[in-house]
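**Student:** How does the following fold in three dimensions:
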Amino acid sequence: MGNLYKRPEDYDLEHLGYTEDVDFYTSLVHKYRPLNVLELGSGTGRITFPLAELGSELGYDVTGVDIEPEMMDKAIERRCSSSAEVQERLTFVIGDMRTWQADCRFDLILIPCCSITHILGLGDQLEVWRRCYENLTIGGRFVVETAMPNMDVFADSFRMPPRTPIELDIDIIDEGEGTRLLRRKTTRYLSDEQRAEIRFLYEKYKDGHGVDNFVDDFQSHVFFPRELRLLFMFTGYDVEETFGDYRSRRLNPQSPMIIMVGRRKR
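**Tutor:** Next comes the predicted model:
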């Protein structure tokens, strides 16, 4: 896991104004009409809270599970300041998605925001899929989001000697706080491991003056579409739907992501 997950305020700033995935996951709830929803890797609750707000209208409960204490503390703090209706529908639990066992079963389990890429080994990945299977009702759905392999970025890792270009991929301003966050990144791809070594370089400014900077290194597993499908099939799911982005079911090399929906068979 990276340093960013120990800095929940910077995590929220990094995602400021980004709602496309929130809209997608709330649309799934409208479509599937679950009674009990689980989000794994829920962080500060960026997606969890909109789901819980909708749950107060449609009559379902939401549980958010995350392994990082700092993220969980922020989420619980936000829950305490939420409406009574949201608090009634929303629970946060600290736990590891590979091992966390629910007291009840869920109709819908989500792993959004590419959180699954932090699970590096095949054995651990199988544990996640199997644990979610156990935590689902029969016919319940398990939804996993991950990024499509960016072969153009990875190509520099195959050069001799390898190159790691720096990319500016986030430049965001919180107008209310007068805070600006810049994020640069380098990526090195290890093809034998299907692993991306990603280094994020953060710079934070307040009213035009630098106030903070930090480096965030983490390892990320690179999933390919058939590999993802095989994980579902091997652990007892029917693959029901595959999305290439938040709007389309078309999957192609230019798709920014893969979102796969598996349904528990029995």
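**Student:** Could you use CA atoms for every contact and neighbour count after this?
**Tutor:** Will do.
**Student:** Where does pLDDT dip in the protein?
**Tutor:** Applying pLDDT under 70 to the chain picks out residues 1, 253-254.
**Student:** which residue is nearest the middle of it?
**Tutor:** What sits nearest the mean C-alpha location of the chain, by CA atoms, centre = their mean, is C113, with 2.2 Å.
**Student:** check contacts around that one.
**Tutor:** 145-146 (CA atoms under 8 Å, 6 or more residues apart in numbering).
**Student:** Now do the SS call for it.
**Tutor:** Of the three states, C113 takes coil under DSSP: H, G, I helix; E, B strand; the rest coil.
**Student:** surely R130 meets Y237?
**Tutor:** No. With contact defined as CA atoms under 8 Å, R130 does not count as touching Y237 (9.8 Å).
**Student:** Show me which of these two is the more surrounded one.
**Tutor:** Ranked by neighbour count (other CA atoms under 10 Å), R130 and Y237 place Y237 first, with 24 against 20.
**Student:** For the more buried one, give me phi and psi.
**Tutor:** Listed backbone geometry of Y237 is phi -110, psi 150, with angles given as degrees, to the nearest 10.
**Student:** count of residues packed around the closest residue to it other than its chain neighbours?
**Tutor:** Leaving out its chain neighbours, the residue that sits closest to Y237 by CA to CA, 6 or more residues apart in numbering is R264, at 4.7 Å. Neighbours of R264 under the rule other CA under 10 Å: 23.
**Student:** was I right about R264 contacting D238?
**Tutor:** Yes. R264 is in contact with D238 according to CA under 8 Å; the separation is 6.6 Å.
**Student:** Stretch 159-166: end-to-end distance?
**Tutor:** One end of stretch 159-166 to the other measures 16 Å (CA to CA, to the nearest Å).
**Student:** again, but for stretch 83-102
**Tutor:** 25 Å.
**Student:** Name the residues that touch that stretch?
**Tutor:** Outside stretch 83-102, the residues that touch it by CA under 8 Å, 6+ apart are 40-41, 49, 52-53, 55-56, 60-69, 72, 75-76, 79-80, 124-125, 127-128, 131, 135.
**Student:** hang on, R247 in a strand?
**Tutor:** No. Remark: R247 does not belong to a strand; assigned using three-state DSSP, it is coil.
**Student:** how many other residues sit next to the residue nearest to it when sequence neighbours are not counted?
**Tutor:** For R247, ignoring the flanking residues on the chain, the nearest one in space by CA to CA, 6+ apart is F24 at 7.8 Å. As a burial measure, F24 scores 14 neighbours (other CA under 10 Å).
**Student:** could you point out which element follows the helix or strand hosting F24?
**Tutor:** For F24, the host element (DSSP states H and E) is helix 20-32. Next along the chain after helix 20-32, taking DSSP H and E as the criterion, comes strand 36-40.
**Student:** Show me the contact partners of that next one.
**Tutor:** Contacts for strand 36-40 (CA under 8 Å, 6+ apart): 48, 60-66, 97, 105-112.
**Student:** Report the buried members of these.
**Tutor:** Buried subset of those (neighbour count, 16 or more other CA atoms under 10 Å): 48, 60-66, 97, 105-112.
**Student:** pretty sure L4 contacts D10?
**Tutor:** Yes. Contact criterion CA under 8 Å: L4 and D10 qualify, at 7.0 Å.
**Student:** So which of the two has more stuff around it?
**Tutor:** L4 (20 against 15).
**Student:** On the three-state scheme, that one is what?
**Tutor:** Under the three-state scheme (three-state DSSP), L4 adopts helix.
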